[in-house]
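Enquirer: Make a model of this:
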Amino acid sequence: MDDGAQCMGTSFVDWQDLTQAYLAGMEALRRGEPGATEALRRLAIELEHCDGAVEQHLA
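Expert: Residues are numbered from 1 along each chain as shown. Predicted coordinates:
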């Protein structure tokens, strides 16, 4: 985790982890791995929930 992320708290770190997981999921989808679509759907929901928390820290 970089210093900027530490200043913003765990919400940003959670968001950062989720976006990295989403990228890995997109690569899995591209490779045609079973379950990749469902995993990305769940990650998208988590990102949506986390997005609100990050915006509160930025405000």
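Enquirer: Low-confidence regions, this protein specifically.
Expert: Low-confidence segments of the chain, defined by pLDDT under 70: 1-10, 51-59.
Enquirer: again, only using 90
Expert: For the chain, the stretches with pLDDT under 90 are 1-19, 43-59.
Enquirer: what about the helices in it?
Expert: Secondary structure of the chain (DSSP state H): helices at 3-8, 10-31, 36-58.
Enquirer: Deepest-packed of those helices, please.
Expert: Sort these by mean neighbour count, taking mean count of other C-beta atoms under 10 Å, and helix 10-31 sits at the top with a mean of 15. Heads up, the C-betas are built off the backbone N, CA and C, glycines and all.
Enquirer: tell me what that helix is packed against?
Expert: With contacts taken as 3 or more C-beta pairs under 8 Å, 6 or more residues apart in numbering; DSSP states H and E, helix 10-31 sits against helix 3-8, helix 36-58.
Enquirer: Now A44: closest residue in space that isn't a chain neighbour?
Expert: In space, and not counting its chain neighbours, A44 is closest to Y22: 7.3 Å by C-beta to C-beta, 6 or more residues apart in numbering.
Enquirer: you'd agree the one you found is up against E48?
Expert: No: counting by C-beta atoms under 8 Å, Y22 does not reach E48; the two are 11.3 Å apart.
Enquirer: List the contacts of the residue nearest to A44.
Expert: L40, L43, A44, L47 (C-beta atoms under 8 Å, 6 or more residues apart in numbering).
Enquirer: of the residues you listed, closest to W15?
Expert: Nearest to W15 out of the contacts of Y22 is L47 (C-beta to C-beta; 7.1 Å).
Enquirer: ok, that closest one touching A21?
Expert: No: in this structure, L47 is not within contact of A21 by C-beta under 8 Å, at 9.1 Å.
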